[in-house]
Structure formats: C-alpha cells, structure tokens
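A.B. asks: pasting the sequence and the predicted coordinates here, then a few questions.
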Amino acid sequence: MTSTAPHPKITIIDVAHQAGVSKSTVSLVITQPDKVSDKTKEKVRQAMAELGYVYNRDAAALRSKRSTLVAIMLPTLTDPRFNELAITLQQGVLELGFVPMLLCSNDELETQQQLMERLRESNVTAVILCPATGTDVTWQNALSESGMQIINVLREVPFSEAPCVLADTQRGAFLATQALIAEGCKSLTLLGAPSISDYSQLVEGFEQALHLHQEPLTRQLIACDNTRLAGQQALSNSALADALDEAFSTELASPLGILCASDPIAYGVLDSLPSLGLSAGNKVKLVGVGDLPDSAILPCPLSSVAYRSTDLAEHSLSILTALLNGQSVPRRTLIDVTLIKRASCL
C-alpha cells in the first residue's frame with residue numbers, strides 16, 4: 001500500500017514569486033484591493049488560481065482580532081431606494097476585501113438591537129446602518145465606544161458620534177415646495193410618515209419654504225405609509241378630500257400642491273386621481289421624492305426630488321475605508337439633490 005505525500009502548503013510568498021511581485025503586494029490585493037492597480041490585481045489573482053491558493057480569512061481575523069465581516073443593515077428591502085443602495089454597498093464591501101452581510105431590521109428597535117448584539121459578539125469590522133425609527137443616541141454611542149465602527153446612512157441619529165451620510169432631502173423638499181408655490185398652489189399638503197427614513201428632513205424643508213413665502217398659505221401634514229397603496233388611499237382622507245374640493249370649486253380656484261415623501265406614494269395618488277375625475281398637472285400639482293426610473297415614463301410623468309443611491313454608497317464606503325485606516329472623517333456628509341420637473345407639476 002502506497003501513501004500519498006501531502007501537498008506542500010501554498011503561501012503568499014509562493015503567489016508573489018509566481019506573479020513576480022512582492023509579498024506585501026499580494027497581501028494588499030487580498031485585503032485592500034482598491035490600493036492596487038487593475039493590472040497587478042489580475043496578475044496576482046491569476047497566480048493564485050494557478051497555484052490553487054485559498055486565503056484563510058478566519059485565520060487572518062484571529063491574527064488581526066478583527067473579523068472580515070461588514071454588516072449592511074437597512075429597515076427594508078422592498079423600497080427600491082434601499083434595494084439599489086444594498087446592491088451598491090454589497091459590491092463595494094467586496095471590492096474592499098471584506099465579506100458583506102445584508103440584514104433587515106424591519107424598522108423595529110428590538111430587532112435592530114438584537115442584530116447589533118449578535119454582530120458585536122461576532123466582532124464585526126463595521127456596520128453601515130440606516131437606523132430604525134426612534135434609535136436612541138445613548139445606545140448607539142455606547143456601541144461606538146465599545147469599538148464598533150458604525151456609519152449611519154439615509155437617516156441621522158441626532159448627536160450620535162457615528163458619522164452619517166444623508167441625501168439633502170431637506171433642500172429637496174424646500175425646492176419642491178417652492179416649485180409648487182410658483183405654480184400657483186396656495187394650499188399645500190405633505191404626505192408621509194416618520195417611518196420614512198428622511199421624513200423629518202422633508203418636513204423641515206417643506207415648512208421653511210412656506211415660512212419664506214409672503215402670502216398666506218394653507219398647509220397640512222397627512223400621515224401616509226411609504227407604499228403605492230397608501231398613496232391611493234390618501235385621497236379618501238377627509239382633510240385632503242376637502243382641499244381637492246376647494247381646488248375644483250371654481251375655474252379660478254388655485255391648484256392643490258401635494259409633496260409626497262416618496263415616489264411610490266405619488267404613484268398611488270396618480271392612480272386614484274382619474275377615479276375622482278381628476279388629473280395631475282392642472283388643478284393638482286404633484287411632486288415625489290427619489291426619482292425612481294418609472295417616474296419619467298408614467299402616463300403623467302412625475303416631478304421628483306432626485307438623488308443617486310450610488311452616491312450614498314460611495315461616500316459611506318469612503319468613510320469606512322478612512323475609519324479602518326485610523327483617519328478622521330466628517331460627522332455629517334450631505335449628498336446633493338436636484339428637482340426634476342415633469343408634467344405632474346407643470
């Protein structure tokens with residue numbers, strides 16, 4: 001009976017020799033690939049494949065006392081904005097040499113707390129988090145002080161030590177409200193709810209635009225969940241129904257302006273207007289937030305506050321890289337927005 005000699009263990013020194021680069025370059029390709037040219041990465045990865053080298057991330061984590069996991073925790077994945085953000089963040093984390101873990105808190109504080117505790121026990125490298133509604137600053141600061149790297153995205157926890165990356169939807173709501181006023185709207189409604197990630201910023205921008213206007217305006221905030229169905233049902237709200245009746249009371253009556261906290265809510269409003277014998281763009285001026293791809297191709301194209309989820313992801317990943325390198329980072333980063341005007345507000 002013959003015995004088979006064990007295969008010699010392939011090391012990064014072997015990979016470096018095969019690729020014609022230094023050991024440190026191989027290490028960078030494995031752990032910080034963004035710092036290496038594409039040509040060098042291709043050579044090193046080809047050498048790894050030829051030699052059958054497999055990087056032992058668990059052993060590396062034990063040596064560094066830091067896991068290779070980066071968690072991405074969002075309140076939902078049904079909202080298209082969060083879905084796009086999750087995909088971009090996941091790819092970016094992979095390119096940084098870490099293992100992404102996608103989690104959903106369902107926007108529940110208890111679920112968020114349980115997940116964060118499990119992540120802390122796993123010595124996760126960092127958490128990119130859209131905090132659940134009502135997240136306590138003391139709780140989050142305690143996590144940061146324990147050594148957990150947290151980056152808040154899309155929703156800010158006031159006075160938190162964690163850096164945050166936000167779309168400037170306060171400015172977006174301001175621009176949208178100004179546009180509605182410029183279109184002759186003297187009665188304005190904001191449809192949304194605190195469960196929507198940037199609702200508080202939207203309210204502030206809405207109120208600021210109203211405050212700056214000299215003529216008296218009627219305003220109301222109407223609770224509405226972040227779904228198309230909720231937008232459809234919103235028109236049956238008595239306060240909004242009264243505002244619609246007033247807008248259509250006479251030919252000279254001013255139009256009703258509606259700012260929806262998300263495009264899906266606005267889609268629901270657009271769905272329901274025809275059943276009431278109404279249409280957007282004449283007596284009803286409508287603006288959404290998010291500028292989803294469908295907004296430009298609806299039968300009545302939707303005006304919307306636009307920002308890119310990829311920008312949110314890229315800034316979050318840049319902050320993550322800086323934190324892991326011991327660099328200082330801004331506590332608050334705002335992503336610019338633009339108002340795209342289409343037929344629903346013309």
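C.D. replies: Cool, got the structure.

A.B. asks: so which bits of the strand or helix carrying A47 are buried?
C.D. replies: For A47, the element it lies in under DSSP states H and E is helix 38-51. Residues of helix 38-51 classed as buried under the neighbour-count rule (16 or more other C-beta atoms under 10 Å) are T40, K41, K43, V44, R45, A47, M48. The way it works is simple: take the backbone N, C-alpha and C, and place the C-beta from them, glycine included.

A.B. asks: and for stretch 187-195?
C.D. replies: The neighbour-count check on stretch 187-195 (16+ other C-beta under 10 Å) flags S187, L188, T189, L190, L191, G192, A193, S195 as buried.

A.B. asks: now the residue lying closest to M148 once chain neighbours are set aside: how far from V287?
C.D. replies: Computed as C-beta to C-beta, 6 or more residues apart in numbering, the closest residue to M148 that is not its neighbour in sequence is R120, at 5.9 Å. Distance of R120 to V287, given as C-beta to C-beta, to the nearest Å: 41 Å.

A.B. asks: more neighbours: which of the two?
C.D. replies: Using other C-beta atoms under 10 Å, the more surrounded residue of R120 and V287 is V287, with 29 against 14.

A.B. asks: the helix or strand hosting the more buried one: how far from the chain's middle?
C.D. replies: Using DSSP H and E, the secondary-structure element containing V287 is strand 284-289. A distance of 21 Å separates the C-alpha centroid of strand 284-289 from that of its chain, computed with C-alpha atoms, centre = their mean, to the nearest Å.

A.B. asks: quick check: bridge partners of the closest residue to A239 other than its chain neighbours?
C.D. replies: Counting by C-beta to C-beta, 6+ apart, A239 lies nearest to Q220, which is 5.7 Å off, once chain neighbours are set aside. Bridge pairing for Q220 (DSSP bridges) gives the partners T189.

A.B. asks: Q220: what's it in contact with?
C.D. replies: L188, T189, L190, A239, L240, A243 (C-beta atoms under 8 Å, 6 or more residues apart in numbering).

A.B. asks: quick one: which of these is nearest P163?
C.D. replies: Nearest to P163 out of the contacts of Q220 is L190 (C-beta to C-beta; 28.4 Å).

A.B. asks: next, format the buried residues of stretch 187-195 as JSON lines and append distance to P216 and pLDDT.
C.D. replies: Output for these, formatted as JSON lines (distance: C-beta to C-beta, whole Å; pLDDT from 0 to 100):
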{"residue": "S187", "distance to P216": "11", "pLDDT": "93"}
{"residue": "L188", "distance to P216": "12", "pLDDT": "95"}
{"residue": "T189", "distance to P216": "16", "pLDDT": "96"}
{"residue": "L190", "distance to P216": "18", "pLDDT": "97"}
{"residue": "L191", "distance to P216": "22", "pLDDT": "97"}
{"residue": "G192", "distance to P216": "24", "pLDDT": "95"}
{"residue": "A193", "distance to P216": "27", "pLDDT": "92"}
{"residue": "S195", "distance to P216": "31", "pLDDT": "82"}
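
A.B. asks: ok, those vs D136, which is closest?
C.D. replies: Using C-beta to C-beta, the buried residues of stretch 187-195 come closest to D136 at S195, 16.7 Å.

A.B. asks: need the three-state assignment for the nearest residue to that closest one once chain neighbours are set aside.
C.D. replies: Sequence neighbours aside, T133 is the residue nearest to S195 in space, at 5.4 Å (criterion: C-beta to C-beta, 6+ apart). Under DSSP: H, G, I helix; E, B strand; the rest coil, T133 falls in the coil class.

A.B. asks: pull the number of nearby residues for T133.
C.D. replies: Each residue near T133 was counted by other C-beta under 10 Å, and the total is 18.

A.B. asks: quick check, pLDDT for it.
C.D. replies: With respect to pLDDT, T133 scores 87.

A.B. asks: who's in contact with it?
C.D. replies: Applying C-beta under 8 Å, 6+ apart, we find T133 in contact with P75, D107, L109, R155, P194, S195.

A.B. asks: repeat for R342
C.D. replies: If you count contacts by C-beta under 8 Å, 6+ apart, R342 has them with S295, A296, P301, L302, S303, S304.

A.B. asks: isn't F98 up against V70?
C.D. replies: Yes. Using C-beta atoms under 8 Å, F98 makes contact with V70 at a distance of 4.4 Å.

A.B. asks: overlap in contacts, the two.
C.D. replies: Contacts common to F98 and V70, judged by C-beta under 8 Å, 6+ apart, are T125.

A.B. asks: which one of those two is surrounded by more residues?
C.D. replies: V70 (27 against 23).

A.B. asks: give the buried residues for stretch 258-275.
C.D. replies: Using 16+ other C-beta under 10 Å as the test for burial, stretch 258-275 gives 258-270, 273.

A.B. asks: re earlier: other SSEs contacting the strand holding V287?
C.D. replies: Here strand 284-289 touches helix 169-182, strand 256-260, helix 263-272, strand 303-306, going by 3 or more C-beta pairs under 8 Å, 6 or more residues apart in numbering; DSSP states H and E.
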